[in-house]
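Undergrad: Provide a 3D model corresponding to the input given below.
(one chain, ligands or ions: 1)
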Amino acid sequence: MKNQQSNAFILLLFLLPFISLNCHKRPVVNKSVDKKKILIKQEYAIAIHGGAGTILKKNMTPEKEKQYIDAMTQALEIGEQMLKKGEEGLDVIEAVIMYLEDNELFNAGKGAVFTHDEKNELDASIMEGKTMNAGAVGGVTNVKNPISAARAVMEQSAHVMLVGKGAEKFAKDKGQEIVDPKYFYTKKRFKSLENAKAKEKTTGDIFNENPDYKYGTVGCAVLDKNGNLAAGTSTGGMTNKRWNRIGDAPIIGAGTYANNQTCAVSSTGHGEYFIRFAVAHDISARMEYLNESLEEAANHVINKKLVEKGGSGGIISVDKYGNVALPHNSPGMYRAWANPESRGVRIYGDAEYE
Ligand code: ASP
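TA: Just a heads-up that it's a prediction; the model follows:
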């Protein structure tokens, strides 16, 4: 009996450090995470947007709808093929966004909107989740593919963000394709500027809500086969912007964010709100500090926080497990996604082209 007691005592002494350690440890209450989703780690994942806004089926012609669907499908195809081959996330972001920048349907690169002074000033950014390196350009007027210039800033300079003439000089020095600013002229976007100015005269609102004023910013987020996350965003900004206004697209943490511990995000919408609410970083932070799933974090920021303050738009995102979230609080958002389990292109609600 005495022996048994002393054995129990020794055992207690041995276990004491473990018991006390566990008592002090914060319980891992992960009630919010969708267990089923995170258990399945996808080999790769991609999400793309082509802008958010008052995109309504009733205002769309079948031809226009088809053009957008074809372009988004093609962008998805380019990205997914590269990811399947095991290509690096940053290369995928650059290739997908360059394709969209070269397509005048989108408000990025070739199809950029006009400023109040009848110019096109382009913004873009890119970020890598593994190193958390990032690069951005703002207000460039002659760089054909701002996303490549943003990548050059990240990889070939000691800086994160370059703007205006300096950014243009840097891009030229680094061999980026430089074009005559007239390259960015499109009739459709010029007409939008004229409409915006006419409306401003009567309403006083410089960014008055009109479907054509800004829609078509582009962005991409990926998880590559090495488990690395990356994101990028490119835009012409908002029609009728002035005083060298720069939106959220080139702001790391607002328009673009990637962190291998959490997620990769690209935003689109009324940039001033996305900057003030540090939208892309906020989603990542909620995952990191509150243990929320990507879907919960993204929904909270887009459909609660922004809605309460009147900020319209949406984001596309992928997490480190390859889950995808594409919330938007505007009636539509051109968007596409793929991972080995699911694939799709959408414009309005969740149903296909409805
Ligand atoms: N976020 C962009 C900006 O404010 C515009 C957009 O995404 O529609 O510049």
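Undergrad: Leaving out the residues flanking it, which one is nearest to the residue in the stretch 251-354 of the chain that the ligand sits nearest to?
TA: Nearest residue of the stretch 251-354 of the chain to the ligand: residue 271, at 2.3 Å (C-beta to the nearest ligand atom). The C-beta positions use only the backbone N, C-alpha and C, and glycine is treated the same way. Computed as C-beta to C-beta, 6 or more residues apart in numbering, the closest residue to residue 271 that is not its neighbour in sequence is residue 247, at 2.9 Å.
Undergrad: and the protein, which residues reach the ligand?
TA: Listed as neighbours of the ligand in the chain under the rule C-beta under 6 Å from any ligand atom: 51, 214-215, 217, 235, 237-238, 247-249, 268-269, 271.
Undergrad: Now do the contacts for residue 278.
TA: 253-254 (C-beta atoms under 8 Å, 6 or more residues apart in numbering).
Undergrad: Check the protein and tell me which residue is nearest its centre.
TA: Closest residue to the average C-alpha location of the chain: residue 266 at 0.4 Å, with C-alpha atoms, centre = their mean.
Undergrad: The stretch 201-350 of the chain: helices as residue ranges?
TA: Along the stretch 201-350 of the chain, the stretches classed as helices by DSSP state H, counting those that start in this stretch are 271-276, 279-290, 294-299, 306-309.
Undergrad: and the ones you listed as JSON lines, adding mean neighbour count?
TA: Formatted as JSON lines, those follow (neighbours: other C-beta atoms under 10 Å):
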{"stretch": "helix 271-276", "mean neighbour count": "20"}
{"stretch": "helix 279-290", "mean neighbour count": "22"}
{"stretch": "helix 294-299", "mean neighbour count": "23"}
{"stretch": "helix 306-309", "mean neighbour count": "14"}
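Undergrad: on that earlier part again, the residue nearest to residue 271 contacts residue 234, correct?
TA: No: the criterion here is C-beta atoms under 8 Å, and residue 247 misses it with residue 234 at 11.3 Å.
Undergrad: what about the two, which has more around it?
TA: residue 234 (35 against 26; other C-beta atoms under 10 Å).
Undergrad: What residues are bridge-paired with that one?
TA: residue 124, residue 218 (DSSP bridges).
Undergrad: so what's residue 329 up against?
TA: The neighbours of residue 329, taking C-beta under 8 Å, 6+ apart as the test, are 302-303, 306-307, 311-314.
Undergrad: which of those residues are buried?
TA: Using 16 or more other C-beta atoms under 10 Å as the burial test, these include 302, 306, 311-314 as buried.
Undergrad: Next step: these restricted to strands.
TA: 313-314 (DSSP state E).
Undergrad: Distance to residue 96 added to the helices of the stretch 201-350 of the chain, as a markdown table?
TA: Formatted as a markdown table, the helices of the stretch 201-350 of the chain follow (distance: least, C-beta to C-beta, whole Å):
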| stretch | distance to residue 96 |
| --- | --- |
| helix 271-276 | 21 |
| helix 279-290 | 17 |
| helix 294-299 | 20 |
| helix 306-309 | 25 |
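Undergrad: could I get those as a markdown table with mean pLDDT?
TA: Output for those, formatted as a markdown table (pLDDT from 0 to 100):
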| stretch | mean pLDDT |
| --- | --- |
| helix 271-276 | 96 |
| helix 279-290 | 98 |
| helix 294-299 | 98 |
| helix 306-309 | 96 |
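Undergrad: Out of those helices, flag the one nearest residue 129.
TA: Proximity to residue 129 (C-beta to C-beta) singles out helix 279-290 among these, at 9.4 Å.
Undergrad: Among the residues of the chain next to the ligand, list the two that are farthest apart in space.
TA: Once C-beta to C-beta is applied, these give 215 and 248 as the farthest pair, at 14.9 Å.
Undergrad: about what we covered before: wait, doesn't the residue nearest to the centre of the chain sit right on residue 256?
TA: Yes: shown here, residue 266 and residue 256 form a contact pair, counting by C-beta under 8 Å, at 5.7 Å.
Undergrad: Show me whatever sits in contact with both of these two.
TA: Joint contacts of residue 266 and residue 256 (C-beta under 8 Å, 6+ apart) are 219, 231-233, 280.
Undergrad: from what I can see residue 69 touches residue 344, true?
TA: No: counting by C-beta under 8 Å, residue 69 sits too far from residue 344 to count as a contact (10.7 Å).
Undergrad: Next, count neighbours for residue 226.
TA: Neighbour count of residue 226, defined by other C-beta under 10 Å: 12.
Undergrad: same question, residue 43
TA: Quick note: residue 43 (other C-beta under 10 Å) scores 15 neighbours.
Undergrad: which residues touch it?
TA: 225, 322, 339-340.
Undergrad: Please apply the same query to residue 334.
TA: Going by C-beta under 8 Å, 6+ apart, the list of residues near residue 334 reads 49-52, 55, 68, 72, 216, 347.
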